[in-house]
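Trainee: The sequence and its predicted three-dimensional model are supplied below.
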Amino acid sequence: MLLRLFRRERKNRNIFDVPAVLNDFYALAHKLGELQNLQFKEKDDNGDSILWRFNYKGNKYTLSFSIYNGLSIYTKENVRSKSAKKAEEELTNVLSKA
């Protein structure tokens, strides 16, 4: 489904970014929705971008799709706790199998 996942420098705390199309966004959202205790809290559709916010293991993330930048998951939190690192590793692991 998705092209290879790759990490960027974490200026915006991106977990991953991939070039993608809209169908990839919905497929990934479905895959994330299958994770235990993950629910999308806010959904913003601005025409050329989509932002869905969710919590995973006590950490806040945003699933984003833009026709210009593709698909990404990021957090604005600067906290680098053990639980945040573990949650990001689990998300990356799940996404790499998507």
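Mentor: That came through fine. Numbering: from 1, shown residues only.

Trainee: Now do the SS call for E77.
Mentor: Under DSSP: H, G, I helix; E, B strand; the rest coil, E77 falls in the coil class.

Trainee: Next up, identify which helix or strand the residue nearest to it when sequence neighbours are not counted is on.
Mentor: Sequence neighbours aside, K60 is the residue nearest to E77 in space, at 6.2 Å (criterion: CB to CB, 6 or more residues apart in numbering). The way it works is simple: take the backbone N, C-alpha and C, and place the C-beta from them, glycine included. Assessed by DSSP states H and E, K60 sits inside strand 59-66.

Trainee: Quick one: list the elements packing against the lengthiest helix in the chain.
Mentor: Identified as the longest helix of the chain according to DSSP state H is helix 82-96. Here helix 82-96 touches strand 14-18, helix 22-33, strand 49-56, strand 59-66, going by 3 or more CB pairs under 8 Å, 6 or more residues apart in numbering; DSSP states H and E.

Trainee: looking at these, which has the lowest confidence?
Mentor: Note on those: strand 14-18 shows the lowest mean pLDDT, a mean of 73.

Trainee: give me the number of residues near the closest residue to L32 other than its chain neighbours?
Mentor: Among residues not flanking L32 along the chain, L38 sits closest, at 5.8 Å (CB to CB, 6+ apart). Residues within reach of L38, counting by other CB atoms under 10 Å, total 15.

Trainee: For E42, grab the count of nearby residues.
Mentor: Counted with other CB under 10 Å, E42 comes out at 9.

Trainee: Wait, it touches N55, no?
Mentor: No: contact criterion CB atoms under 8 Å: E42 and N55 do not qualify, at 10.8 Å.
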